[in-house]
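Engineer: After the sequence you'll find the predicted model.
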Amino acid sequence: MSQTVCKFWAMSRCMNKRFPYLHPAQKSPPVISQEKAKAERVCKFWADGKCVKGERCPYLHAWFRGDGFSFLTKLQGHKKGITGIALPDNSSCLYSAAKDGTVRVWDCNTGQCSKVINLGAEAGCLISKGVWVFCGASNLVKAWNTECNTEFTLAGPVGQVHAMEVENDMVFAGTEEGVIYVWKGIVCSDTKANPFHPHQALSGHTGAVVSLRVGSIRLYTGSVDYTIRVWNLDTLECAMTLNGHSDTVTSLITWSTCLISCSLDHTIKAWSMSEGGKIEEIYTHTEEDGLLALSGMHDGEDQPLLFCSSKENSVRMYDLPSFDERGKLFAKREVQAIQIGSGGLFFTGDETGGLSVWKWLEPADKQESSSA
């Protein structure tokens with residue numbers, strides 16, 4: 001064994017018993033002072049343009065903390081919380097869905113809303129795959145082909161659709177009944193014919209399915225029943241159930257060979273395949289609040305980052321694999337949607353209906369900003 005002290009153990013976060021570094025002694029968790037806690041909150045008066053304390057105000061007068069990125073603008077139009085943001089391929093438009101029952105289409109060049117689609121029901125999620133955009137709502141899944149400008153309705157879902165994924169010509173939708181509906185896509189010569197047909201319904205969860213992720217040959221599904229189910233993409237059979245969270249599994253992503261999950265139990269967990277073929281929990285990071293959404297990207301220097309939003313109205317940014325905190329984004333309400341774009345752009349949507357646009361600075365721009 002190495003004589004180096006395990007960095008993750010030192011932060012009380014290592015779960016890997018086979019980790020080849022020292023775990024010499026137990027240490028107490030860090031104590032967060034009241035002053036530091038205040039400095040992590042945006043001044044509500046400043047947010048409304050009414051703070052008169054200026055530099056004497058103990059709260060933040062900024063929408064972010066950290067270096068190497070900047071806030072560009074906020075797109076306003078939704079009346080309720082944003083539940084999904086999508087950027088289809090070969091398109092100059094950004095799509096957003098919200099609890100106000102609409103999907104808005106934004107021109108990426110002007111930042112103006114060019115179209116509003118009325119769903120007639122609260123939108124639960126929005127994703128894109130290639131030139132397709134998919135939106136899940138109550139008893140409804142809509143699909144738009146942005147290349148052919150066609151719209152289709154996918155038959156079958158019962159209840160609110162909370163999460164969706166697309167892989168291997170299949171569309172997956174997780175619903176409030178705990179069922180994952182599957183449609184099979186077929187190639188049609190008639191561009192006006194609906195290419196999606198009901199294929200199967202996957203059962204097993206005992207509560208609503210609120211997060212989905214495809215990684216390699218597996219579909220991962222997270223639920224309010226506190227579990228993550230692992231499905232074989234070829235057979236659509238459940239291969240195993242992962243237990244470890246003690247509250248709703250709100251979001252899932254894959255990074256390298258790991259699955260990363262977050263939950264309302266305040267934890268982010270990393271999972272990896274063991275030598276025996278089982279997926280095991282290898283690492284846990286704990287925060288002070290329930291966690292809502294995950295996303296990953298590379299910064300302006302091509303370093304991998306993890307984004308995680310929480311119920312404290314913020315998004316934390318972590319370096320991977322160290323989980324060192326890089327920065328923090330703030331919002332008036334909870335951030336439920338995070339989307340990564342091209343050219344260093346990324347987007348967050350919060351419960352007020354605001355859609356914020358951010359950008360990583362190029363290394364040269366970062367240096368100039370630091371010296372200014």
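Structural biologist: Received the coordinates, thanks. Residues are numbered from 1 along each chain as shown.
Engineer: which residues does residue 174 contact?
Structural biologist: Residue 174 makes contact with 161-164, 180, 208-212, 221, 223 under the criterion CB atoms under 8 Å, 6 or more residues apart in numbering. All C-beta atoms are positioned from the backbone trio N, CA, C, and that covers glycine.
Engineer: How much space separates the closest residue to residue 122 other than its chain neighbours from residue 107?
Structural biologist: Using CB to CB, 6 or more residues apart in numbering and skipping residues adjacent in sequence, the residue nearest residue 122 is residue 99, 4.9 Å away. Distance of residue 99 to residue 107, computed by CB to CB, to the nearest Å: 23 Å.
Engineer: higher neighbour count, those two?
Structural biologist: Counted by other CB atoms under 10 Å, residue 99 and residue 107 do not tie: residue 99 has more neighbours, with 19 against 13.
Engineer: Look up how far residue 308 lies from that one.
Structural biologist: 21 Å.
Engineer: How about residue 158?
Structural biologist: Distance from residue 158 to residue 308, by CB to CB: 31 Å.
Engineer: Quick check on those two: which one has the bigger neighbour count.
Structural biologist: Higher neighbour count among residue 158 and residue 308: residue 308, with 25 against 13, using other CB under 10 Å.
Engineer: Just confirm the more buried one contacts residue 267, I think it does.
Structural biologist: No. Counting by CB atoms under 8 Å, residue 308 sits too far from residue 267 to count as a contact (10.4 Å).
Engineer: Need the overlap of contacts for these two.
Structural biologist: What both residue 308 and residue 267 touch, as defined by CB under 8 Å, 6+ apart, is the set 287, 291.
Engineer: what about the stretch 51-200 of the chain, any weak spots by pLDDT?
Structural biologist: The stretch 51-200 of the chain contains residues with pLDDT under 70 at 187-191.
Engineer: can you map out the strands along it?
Structural biologist: Here the stretch 51-200 of the chain has its strands, by DSSP state E, counting those that start in this stretch, at 64-65, 69-75, 82-86, 93-98, 102-107, 113-118, 125-129, 132-137, 140-145, 150-154, 161-167, 170-175, 180-185, 196-202.
Engineer: and the last one, what does it pack onto?
Structural biologist: On a contact count with 3 or more CB pairs under 8 Å, 6 or more residues apart in numbering; DSSP states H and E, strand 196-202 meets strand 150-154, strand 180-185.
Engineer: outside of the shortest one, which residues touch it?
Structural biologist: Read it as strand 150-154. Contacts to strand 150-154, defined as CB under 8 Å, 6+ apart, come from residues 140-145, 171, 173, 183, 191-192, 194-196, 198.
Engineer: Ok, the last one next?
Structural biologist: For strand 180-185, the external contacting residues (CB under 8 Å, 6+ apart) are 141, 154, 156-157, 169-175, 195-202, 205, 209, 212, 219, 221, 231, 236.
Engineer: Got a PyMOL select line for the buried ones in those?
Structural biologist: Restricted to buried positions by 16 or more other CB atoms under 10 Å, the PyMOL selection for these reads:
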select buried, resi 141+154+156+157+170+171+172+173+174+175+195+196+199+201+202+205+209+212+219+221+231+236
